[in-house]
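> Coordinates only, no sequence provided:
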């Protein structure tokens, strides 16, 4: 038995390609004192992984050449020398792109409670980093309040779709999504229940936003950055808040985006633009998870998981986030035999 | 006797030029019930006036073609039909670029207290909009706290020089200015007492900032926008705050600035960028004025007033702010005979 791993070969420019990563076979790690050995079942595929491949300042160091790709995942404890983990526990944490991972005090995993009735893919979507990001981005960074007009980009994506639904459930005056193409826009309105969705691929986004939000945008939950962010800034309301959650349009350096021009609207409208990283909110995750689980169980929160099979397909799964080829949260199934619910 | 006025002829592109404004002669306004007639002595020349000449969304409507240029000023009450104003009072408010102005409930002026020992130019600089902007921009929007590393652009300018000195007086760990040219940089250090000043006209500002602030910038008080803002964003500290006070490098549309590229650093560093307008703080002006007056009287606050004589030279005085030809707060002396202290 070996530990198949996806490692970084070279730093990509643009999308990840055949030369970016390799699949290698390592030994299965030995479970030492204070550790637990995890058989990885699922990988969480998130846009931020692409930023870690660059040699650029970030909130975590770049992935080193030759190292296993950093990333979140879920699996089952098969051996434990740490009382925090029991054999058979379903756990979530930073597994990396590999078949076997080690949990210890430097790399803690959270144990998924039994008996929730929610499968691991759902837990890793709405109750995981994705849902917690949406929740605290909107409520804390965005200081959302009832009656706000909310705009969410990447609205068909895993985080955006949840952020918009939380805003709707908490009494937003209007929730407008921004997504790419008519199919995604239809999904945002029909499946996720946004009031409206604008296609950023069509011209004059700033003007269409003004029509959709004539009194301005109180909270903008930004997953994409670039020209879409510029268009929303032109429409920011007095004391509006821009939540910088991600900038997926800028991660691949391919968009030809010259730079943000409308940030001076933050002066005119006394607006605020603030970035955050969900890691800073993990100590408060229980509050978000409880509310999100309740929303799922009462039918207020729609979600989709997009499963890609095979560890070796993780790089392609990452590219899906940039091409828009995914529907909902993208997860890679590393091992079908792992009990996922 | 007439009322000489500077009116807007056409919207400028770039700097104000001979065709932008005209001097016209109107009648002296009649002091109606509830009004006071003011003989204007000084005009406050502020970068924001240039933004009002554009037909663009702003925090106030654009100045209409043919209208008197909007702007602050100070003068003396010569006739009053409003108990709030006594003949002989020195007052500050929105005079516009003209010799005579009317105060009333729609255009209130503040009466300068007698016996402070401070001349009107000083009052219109440090105790006026300039000082109040610096004070609340740093303390409220920037959430400055003792031990912060502070960077101020436009550091030789009226607002920037005060902002840096307040930070220094309140216990900043380090205050670094950014200004244009060696003469201005020397002034920032030697006259205003900043710890260091970087010349933005020299190359590699981002790298020099990293050397000056190796642990990052906690508060950036931005008066200039553009590439300087981008260089500071690259060096923002964890939970750093960018105070968007002005963007003078962008007001004339001549800099060839492509757009802001480093705003994604706000995500990496959980930073905040927030705009404000001093008008929102005028109800709290007394607190700032008391502290600033104390700083002047105890020698903790250095200031300069740059006087330009003649109403007709107000457009040229405005251009000085963009060429850097001024030293300290730029004021136009409209009428030498008005008692200014």
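That came through, no problem. Given the structure is predicted, the values throughout are model-derived calculations rather than measurements.
> quick one, helices of the stretch 101-250 of chain A?
A:120-125, A:129-136, A:158-169, A:182-190, A:205-212, A:226-233 (DSSP state H, counting those that start in this stretch).
> Out of those helices, flag the one nearest chain B.
helix A:226-233 (7.7 Å; Cβ to the nearest Cβ). Where C-beta positions appear, they are placed from N, C-alpha and C, glycine not excepted.
> so what secondary structure elements neighbour the closest one?
Other elements packing on helix A:226-233 under the criterion 3 or more Cβ pairs under 8 Å, 6 or more residues apart in numbering or on different chains; DSSP states H and E are strand A:149-153, helix A:205-212, strand A:217-222, strand A:236-244.
> by how many degrees do it and strand A:217-222 diverge?
Helix A:226-233 and strand A:217-222 meet at an angle of 170 degrees, taking axes from the mean of the first three to the mean of the last three Cα atoms, to 10 degrees as the criterion.
> for the nearest residue to residue A:101 once chain neighbours are set aside, what are its contacts?
Distances taken as Cβ to Cβ, 6 or more residues apart in numbering or on different chains put residue A:95 closest to residue A:101, at 4.1 Å, once the chain neighbours are dropped. By Cβ atoms under 8 Å, 6 or more residues apart in numbering or on different chains, residue A:95 lies in contact with A:38, A:40, A:43, A:71, A:72, A:73, A:74, A:75, A:101.
> Which of the helices or strands spans residue A:95?
For residue A:95, there is no helix or strand it lies in under DSSP states H and E.
> Relative to residue A:30, which of the helices and strands packed on helix A:226-233 is closest?
Residue A:30 sits nearest to strand A:236-244 of all the helices and strands packed on helix A:226-233, at 41.6 Å, using Cβ to Cβ.
> That closest one near chain B at all?
Yes. Residues of strand A:236-244 contacting chain B under Cβ under 8 Å from any Cβ of the partner chain: residue A:244.
> what's the following helix or strand after that strand?
Assigned by DSSP H and E, the successor of strand A:236-244 is helix A:265-268.
> strands paired with whatever helix or strand comes next after that following helix, and their directions?
Following helix A:265-268 in sequence order, the next helix or strand is strand A:272-275 (DSSP H and E). Sheet pairing here is set by DSSP bridges, and for strand A:272-275 it gives strand A:236-244 (parallel), strand B:272-275 (antiparallel).
> Which of the ones you listed has the highest mean neighbour count?
Of all the strands paired with strand A:272-275, strand B:272-275 has the most neighbours on average by mean count of other Cβ atoms under 10 Å in any protein chain shown, namely a mean of 25.
> how about the strands in the stretch 51-200 of chain A?
A:73-80, A:90-93, A:100-103, A:110-111, A:149-153, A:174-179, A:196-199 (DSSP state E, counting those that start in this stretch).
> Paired strands for the last one, with orientation please.
Neighbouring strands of strand A:196-199 in its sheet, by DSSP bridges, are strand A:174-179 (parallel).
> And the first one, by the same measure?
The partner list of strand A:73-80 in its sheet, established with DSSP bridges, is strand A:36-44 (antiparallel), strand A:90-93 (antiparallel).
> mind listing what's buried in it?
A:73, A:74, A:75, A:76, A:77, A:78, A:80 (16 or more other Cβ atoms under 10 Å in any protein chain shown).
> again, but for the fifth one
Taking 16+ other Cβ under 10 Å as the neighbour-count basis, strand A:149-153 is seen to contain the buried residues A:149, A:150, A:151, A:152, A:153.
> hmm, back to that, wait, which of the strands of the stretch 51-200 of chain A is closest to residue B:287?
Once those are compared by Cβ to Cβ, strand A:149-153 is nearest, at 33.5 Å.
> helices or strands next to that closest one in the packing?
Using 3+ Cβ pairs under 8 Å, 6+ apart, strand A:149-153 sits against helix A:158-169, strand A:174-179, strand A:217-222, helix A:226-233.
> Buried deepest among the ones you listed, which one?
Counting by mean count of other Cβ under 10 Å, the most buried of the helices and strands packed on strand A:149-153 turns out to be strand A:217-222, with a mean of 29.
> so, in contact with chain B or not, it?
No. Strand A:217-222 does not reach chain B (Cβ under 8 Å from any Cβ); its nearest approach is 9.4 Å.
> thinking again about what came up before, adding distance to residue A:84 and mean pLDDT, write the helices of the stretch 101-250 of chain A out as TSV.
Shown next, in TSV, are these (distance: least, Cβ to Cβ, whole Å; pLDDT from 0 to 100):
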stretch	distance to residue A:84	mean pLDDT
helix A:120-125	18	93
helix A:129-136	20	96
helix A:158-169	28	98
helix A:182-190	40	98
helix A:205-212	48	98
helix A:226-233	41	97
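> how about the strands paired with strand A:272-275 in JSON lines, adding mean pLDDT?
Below are those laid out as JSON lines (pLDDT from 0 to 100):
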{"stretch": "strand A:236-244", "mean pLDDT": "98"}
{"stretch": "strand B:272-275", "mean pLDDT": "98"}
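> Mind listing residues that contact stretch A:104-123?
The contact list for stretch A:104-123 (Cβ under 8 Å, 6+ apart) reads A:32, A:34-36, A:38, A:41-42, A:74, A:82, A:84-85, A:89-94, A:101, A:103, A:127, A:293, A:296, A:303, A:305, A:307, A:329, A:331, A:340-341.
> Filter these down to the buried ones, ChimeraX style.
Only the buried entries of those go into this ChimeraX selection, using 16+ other Cβ under 10 Å:
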select /A:35,36,38,41,42,74,82,84,85,89,90,91,92,93,101,103,127,293,296,303,305,329,331,340
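> ok so, going back, of all the helices and strands packed on strand A:149-153, which one is nearest residue B:189?
helix A:226-233 (35.4 Å).
> now the angle from the closest one to helix A:205-212?
Going by the same axes, to 10 degrees, helix A:226-233 makes 40 degrees with helix A:205-212.
> contacting residues for residue A:49?
With the criterion set at Cβ under 8 Å, 6+ apart, residue A:49 makes contact with A:69, A:70, A:71, A:318.
> Any figure for the gap between residue A:259 and chain B?
Here residue A:259 is placed at a distance of 2 Å from chain B (Cβ to the nearest Cβ, to the nearest Å).
> ok, now residue A:219?
The gap separating residue A:219 from chain B is 15 Å, by Cβ to the nearest Cβ.
> Not counting sequence-adjacent ones, nearest residue to that residue?
residue A:142 (4.3 Å).
> can you check residue A:194 too?
residue A:177 (4.3 Å).
> same deal with residue A:165?
Going by Cβ to Cβ, 6+ apart, residue A:165 has residue A:301 as its nearest residue, at 5.3 Å.
> where does the one you found fall, helix, sheet strand or coil?
Following DSSP: H, G, I helix; E, B strand; the rest coil, the label given to residue A:301 is coil.
> how about it, phi and psi?
Phi and psi for residue A:301, reported as degrees, to the nearest 10, are phi -130, psi 110.
> tally of neighbours for it?
As a burial measure, residue A:301 scores 23 neighbours (other Cβ atoms under 10 Å in any protein chain shown).
> Contacts only, for it.
Counting by Cβ under 8 Å, 6+ apart, residue A:301 has contacts A:126, A:162, A:165, A:166, A:169, A:292, A:295.
> Try it again at 7 Å.
By Cβ atoms under 7 Å, 6 or more residues apart in numbering or on different chains, the residues touching residue A:301 are A:126, A:162, A:165, A:292, A:295.
> Could I get the phi/psi values of the first one?
Taking degrees, to the nearest 10, you get phi -70, psi -40 for the backbone angles of residue A:126.
> hmm, who's touching stretch A:194-205?
Contacts of stretch A:194-205 (Cβ under 7 Å, 6+ apart): A:155, A:164, A:174-182, A:185, A:188-189, A:208-209, A:212, A:228, A:231.
> Any idea how far it is from the middle of the chain?
Here stretch A:194-205 is found 21 Å from its chain centre; the criterion is Cα atoms, centre = their mean, to the nearest Å.
> before we move on, the earlier item: a markdown table for the strands paired with strand A:272-275, including distance to residue A:114?
A markdown table is the format used below for the strands paired with strand A:272-275 (distance: least, Cβ to Cβ, whole Å):
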| stretch | distance to residue A:114 |
| --- | --- |
| strand A:236-244 | 34 |
| strand B:272-275 | 40 |
